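Predicted model and sequence below, questions to follow.
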Amino acid sequence: MTIELHTWDTPNGRKISISLEEMGLPYSVHPINISKGEQFDPAFLAISPNNRIPAIRDADGPGGKPISVFESGAILLYLAEKTGQFLAPSGPARIAAWEWLMWQMGGFGPMLGQRHHFADVKDEADRRYGLERYSKETHRLYGVAEKRLSQATFFAGEALSIADFAILGWAWRHPRHEVDLATYPHVKRWYDRMMDRPAVQRGLSVDLKTRR
């Protein structure tokens, strides 16, 4: 059955479209225009009580019963468990995927998003402190990724995992972060390899603003 993807064209939304494409799952896009406040509509709050995109509905959930899932990290874990793909069944690689997924959810996303916010603040006095703070944190996080990828092909080890999809959703916006990936050669190697994947290309190009 087709999974409903309730989302908008954001890094967190792209994590899920990339993953659905990589996993070969049929899905339909249900745009939630966050610029118009549609994330507060009661119908959306019924599946995403924190009024944040993305969220999914799966008519074929556990036991064949419908289920909805909110929070992008939870969605990635759900999809990996559902399909048996991109998450090792046990052992260190599975734990590493959890670690790097949580790293993205807790840092390589929220901190980069704050940088986005302050970069758009017009008043220089209000802008300066926040932009400096979150630019430094953005580069610190890229440095953490660089060190990890100097030791492993992918974030969870030698096999591609949902952690890579989560992190790519934000690394894809590196021009907006004003980060030159040439400064982080191991990240660039990983990024180029990810971007060469046809399913990733489909996940990044699919229209998330038009219902389909």
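That came through, no problem.

Give me the phi and psi angles of residue 29.
Note on residue 29: backbone dihedrals following degrees, to the nearest 10 are phi -100, psi 130.

ok, now residue 157?
The phi/psi pair for residue 157 (degrees, to the nearest 10) is phi 140, psi -130.

Compute the number of surrounding residues for it.
19 (other C-beta atoms under 10 Å). In short, each C-beta sits where N, CA and C put it, glycine included.

That one contacts residue 93, doesn't it?
Yes: between residue 157 and residue 93 there is a contact at 4.8 Å, judged by C-beta atoms under 8 Å.

centre of the chain versus the longest helix along the chain, how much separation?
Taking DSSP state H as the criterion, the chain has its longest helix at helix 124-149. Relative to its parent chain, helix 124-149 has a centroid offset of 18 Å by C-alpha atoms, centre = their mean, to the nearest Å.

One more: stretch 84-95?
18 Å.

what sits up against it?
19, 22-23, 77, 80-81, 97, 156-162, 165 (C-beta atoms under 8 Å, 6 or more residues apart in numbering).

what about burial for those residues, which qualify?
Buried members of the contacts of stretch 84-95, scored by 16 or more other C-beta atoms under 10 Å, are 19, 22-23, 77, 80, 97, 156-157, 160-162, 165.

what's the most distant pair in the residues you listed?
23 and 157 (19.1 Å; C-beta to C-beta).

The lowest-mean-pLDDT helix or strand in the chain packs against which elements?
Ranked by mean pLDDT, DSSP states H and E, the weakest helix or strand in the chain is helix 110-119, scoring a mean of 88. When contacts are defined as 3 or more C-beta pairs under 8 Å, 6 or more residues apart in numbering; DSSP states H and E, helix 110-119 sits against helix 124-149, helix 174-177.

and residue 184, which of the ones you listed is closest to it?
Smallest distance to residue 184 across the helices and strands packed on helix 110-119 (C-beta to C-beta): 4.4 Å, for helix 124-149.

Hey, what's the angle from the helix or strand that that closest one is followed by to helix 110-119? Just curious.
Going down the chain from helix 124-149, the next helix or strand is helix 162-171, by DSSP states H and E. Angle of helix 162-171 versus helix 110-119, following axes from the mean of the first three to the mean of the last three C-alpha atoms, to 10 degrees, is 10 degrees.

Output helix 162-171 as CSV, nothing but the C-alphas.
Extracted C-alpha coordinates of helix 162-171, given in CSV (Å, rounded to 0.1, in the frame of the first residue of the first chain):
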residue,chain,number,x,y,z
ILE,A,162,19.3,5.6,7.6
ALA,A,163,21.8,7.8,9.5
ASP,A,164,23.3,8.8,6.1
PHE,A,165,19.9,9.8,4.7
ALA,A,166,19.2,11.9,7.8
ILE,A,167,22.5,13.7,7.6
LEU,A,168,22.3,14.2,3.9
GLY,A,169,19.0,16.0,4.2
TRP,A,170,20.9,18.8,6.0
ALA,A,171,24.3,18.5,4.3
